[in-house]
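> Quick one, what's the 3D model for this:
(chains A and B)
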There are 2 protein chains.
Amino acid sequence: MSLVIVGTVAFDAIETPFGKTDKIVGGAATFAGLAASYLYNKVKLVSVIGEDFGDDNLDILRSKGIDVEGVEIVKGGKSFFWSGKYHNDMNSRDTLVTELNVLADFDPKLPDSYQDCKYLLLGNLTPQVQIATLDRLQHKPKLVVLDTMNFWMDVALEDLKEVLKKVDVLTINDAEARQLSGEYSLVKAAQIILEMGPKYLIIKKGEHGALLFGEGQIFSAPALPLADVFDPTGAGDTFAGGFIGYLAKVKSINFNNMKNAVIYGSALASFCVEKFGTEQLQQLSPTDIGQRIQQFITLSRFELIDEK
Amino acid sequence: MSLVIVGTVAFDAIETPFGKTDKIVGGAATFAGLAASYLYNKVKLVSVIGEDFGDDNLDILRSKGIDVEGVEIVKGGKSFFWSGKYHNDMNSRDTLVTELNVLADFDPKLPDSYQDCKYLLLGNLTPQVQIATLDRLQHKPKLVVLDTMNFWMDVALEDLKEVLKKVDVLTINDAEARQLSGEYSLVKAAQIILEMGPKYLIIKKGEHGALLFGEGQIFSAPALPLADVFDPTGAGDTFAGGFIGYLAKVKSINFNNMKNAVIYGSALASFCVEKFGTEQLQQLSPTDIGQRIQQFITLSRFELIDEK
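Modelled structure (predicted):
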C-alpha cells in the first residue's frame, strides 16, 4: 500500500517583495511529496529530472522517507525550470521564464514496486501524462486526486475532461472553477464540475481558505491569517499533498475525513508560504503540525448550539 | 435598556444582472434595524427622512416592533436616494445617483426615551453625525459598534479617527481595513486599527466570510456559499444589525459571544442578498433563522481532536 505522487521535480527562481532566490528546488511533486511525508510513510514519486538536479537535492526527498525510484534522470538533460515574480499583493505573479527541458518529453515510468499504489495524486501536469499514469497502474487506486490549472483548460481541455472522468477528487482554485464550469457562482460551478466525473471538488481560495463539495454537502475551511506571506509558490501542491497524505493515513474515505484532510492540507500550505520554496517544509516537526492544526481549530470554532 | 441604531432611512433604486427596481425602501438603519429586530425587541432608530418617505414605509419598521420616534421627518423635504448598478460578479458596482436631500443637514435628535440606550450601532454615516450621537447620550452605552466605509476615510479621516477612539467594535471590509491601516496583510492591518481605539475589529470579506480580531484572538467565520446572490445592497448593514442584536440579546460581551454574533450577522446578511432590498428581511421567521444558523454550523464544523 503506497501513496504515489506524479508531478514535476524542478528548479524555481522566485522574486517576491521580501527578496529573491537563485535556483532552488521546487516542483509540484516535491512540495506535495514533502507535505504528504509528514502524514504517511510510504510516499513514492513519479517524475523526470535532468542530470543537473543533483543527488544531494534528491536527498531532500529521501531524507523524508520518500521513494524516488520513479524519478527518471535523463542523461545530459536539464531539469524543468520556472521563474516568477510576485506582485505586492502576493496574489498575482508574472512568469519570467518557463524552460520545459526534460519535461517536454516526459513519459511517466512506474517501477514495479509502485504497483501497490492505493492513493494516487496526479499533480499539476499535462493531462496526457496524468492519463498515462492511470493507465499504467494495474489496479485502480482506492482514491485518485487530481490537481490541475487554468493553463490545461486553455490548451488541453478535452484531455483534461477525459482525466476528470477517472478521478475521485479535483482540486482547483476559484478562478479555475469558474473557467471550467462557465459559472460565476461557486455553488453552481461545483454542481457542473461534479457532473464531469469527480465525486468531490475542492475549490482553493488562497488567503480565503477552501471549499469542499461532495455527497450533497459543503464544507468551508478557513485559511490561517498570516502577518507575512513570504512566498506562495507551491502552496497548492502542498495543500494537495497534505490532503491525500491525511486520507492515506486515516484510510477511510468519507466526507468527515475529507473535511479533516482539507484542514491538514491547509495547515501544511500555511507553513509552505512562510519561507521561500520548500525551506519550511523540510524542517517541520510533529509538534509544529499539531500546534498549527490547533490554531485552525481555535480559528474556526464557535459554540452555538446545534439545532438539528 | 435599548439598542439604538443611527443611520440612513432612504430610498434605493438597484440594478443587478437579475433585474432592476424602482425606488424601494433602503438605508443602513433600515437594514440594520430589521436584522436586529429578529434578535432583540427594543430596537430604536435615529435617522432623518423627507415627507416623501410615507407612513406606510415607516410601518415596515413599526411592524417589527422598531421604535421610530427618533426618525425625524423634514417637512417638504426629500429622503436620501441612492441608485446603483452591480456588475456581473456582484462584487463591484457603479453608483448612478446619490441625492443627499434631507441627509445633507442631518442633525441627529435623540428622544428622551432613547436615553436608556445600552447598545449603540453607529451605522455608516458621516463621522460628525456619529460623534454627535455619542455626545447626546447622557450615559455611555455598554457597547458601541461603528460601521463606516472608504468614502469617510477619503473625505473625513480625522473625524473618523476621533470616532474610532470612542467605540468598542469597528466593522469594515477588507479593502477598507487595508486603506485605513496602510497594511496589505489583514493581520497587520488589524493590529494597527486596534491601536486606533476599538477593542474588536470585524473585517467583512463578502462571499469569503468575515474575520473577528480582539483579545489577542482571531475568529474566521465562513460565508454561506449561495447559488444566486440577487442583490448585495445592505448586506453589511444587515450584518452589523444582526451582530449587535445578538449581543443585546445575550447581554454578555466576550470573545465567544462576539464569535456567535458574527455568525448571526452573517446568517442575516445571507438572507438579505437573496432578494432585492429589504424584501427578504421583512418576512423571516425564527425557524428560517434557526435553520440558517444550523447551515453555518454544518458548513464550518470539523471533528479533529482538540490538542490543547
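
> now residue A:172, which residues is it bridged with?
Beta bridges link residue A:172 to residue A:203 when assigned by DSSP bridges.

> Quick one, grab the pLDDT at it.
In this prediction, residue A:172 carries a pLDDT score of 97.

> One more: residue A:29?
Turning to residue A:29, the model gives it a pLDDT of 98.

> tell me which strands and helices the helix or strand containing it is in contact with?
Secondary structure assignment for residue A:29, by DSSP states H and E: helix A:28-37. Helix A:28-37 makes packing contacts with strand A:2-6, strand A:43-50, helix A:55-62, helix A:235-250, helix A:255-272 when contacts are defined by 3 or more C-beta pairs under 8 Å, 6 or more residues apart in numbering or on different chains; DSSP states H and E. C-beta here means a position set from N, CA and C on the backbone, and glycine is covered the same way.

> and of these, who's closest to chain B?
Relative to chain B, the nearest member of these by C-beta to the nearest C-beta is helix A:255-272, separated by 4.3 Å.

> Quickly run through the sheet partners of the lowest-mean-pLDDT helix or strand in chain A, with directions.
Evaluated with mean pLDDT, DSSP states H and E, the helix-and-strand set of chain A has its lowest mean pLDDT in strand A:19-20, which scores a mean of 90. In the sheet containing strand A:19-20, its partner strands are strand A:10-16 (antiparallel), by DSSP bridges.

> Can I get the strand it pairs with as PDB, trimmed to CA atoms?
Once side chains and other backbone atoms are set aside, the C-alpha atoms of strand A:10-16 remain, and they are given as PDB (Å, rounded to 0.1, in the frame of the first residue of the first chain):
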ATOM      1  CA  ALA A  10      12.200  21.000 -10.800                       C
ATOM      2  CA  PHE A  11      14.100  24.200 -10.100                       C
ATOM      3  CA  ASP A  12      12.400  27.600  -9.400                       C
ATOM      4  CA  ALA A  13      13.800  31.100  -9.100                       C
ATOM      5  CA  ILE A  14      11.500  33.300  -7.200                       C
ATOM      6  CA  GLU A  15      11.200  37.000  -6.600                       C
ATOM      7  CA  THR A  16       8.800  38.400  -4.000                       C
END
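
> what mean pLDDT does it have?
95.

> so how far is residue B:205 from the residue of the stretch 51-200 of chain A found nearest chain B?
For the stretch 51-200 of chain A and chain B, the shortest gap (C-beta to the nearest C-beta) falls at residue A:187, measuring 4.4 Å. Using C-beta to C-beta, to the nearest Å, one gets 17 Å for the distance from residue A:187 to residue B:205.

> who has more neighbours, those two?
residue B:205 (18 against 15; other C-beta atoms under 10 Å in any protein chain shown).

> Just the endpoints, please. Distance across stretch A:160-177?
13 Å (C-alpha to C-alpha, to the nearest Å).

> ok, now how distant is residue A:41 from residue B:45?
63 Å.

> again with residue A:53
Between residue A:53 and residue B:45 the distance, using C-beta to C-beta, works out to 68 Å.

> for residue A:51, same thing?
Applying C-beta to C-beta, the value for residue A:51 to residue B:45 is 75 Å.

> ok so, going back, now do the helix holding residue A:29 against helix A:235-250, angle only.
Put simply, helix A:28-37 runs at 40 degrees to helix A:235-250, going by axes from the mean of the first three to the mean of the last three C-alpha atoms, to 10 degrees.

> isn't residue A:20 right up against residue A:12?
No - in terms of C-beta atoms under 8 Å, residue A:20 does not count as a neighbour of residue A:12; the distance is 11.1 Å.

> out of the two, which sits in the busier spot?
Each of residue A:20 and residue A:12 has its neighbours counted (other C-beta under 10 Å); residue A:12 has more, 25 against 12.

> I'd like the helices and strands packed on helix A:28-37 as JSON lines, with mean neighbour count and distance to chain B appended.
Compiled in JSON lines, the helices and strands packed on helix A:28-37 are given as follows (neighbours: other C-beta atoms under 10 Å in any protein chain shown; distance: least, C-beta to the nearest C-beta, whole Å):
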{"stretch": "strand A:2-6", "mean neighbour count": "28", "distance to chain B": "20"}
{"stretch": "strand A:43-50", "mean neighbour count": "27", "distance to chain B": "22"}
{"stretch": "helix A:55-62", "mean neighbour count": "14", "distance to chain B": "27"}
{"stretch": "helix A:235-250", "mean neighbour count": "27", "distance to chain B": "10"}
{"stretch": "helix A:255-272", "mean neighbour count": "24", "distance to chain B": "4"}
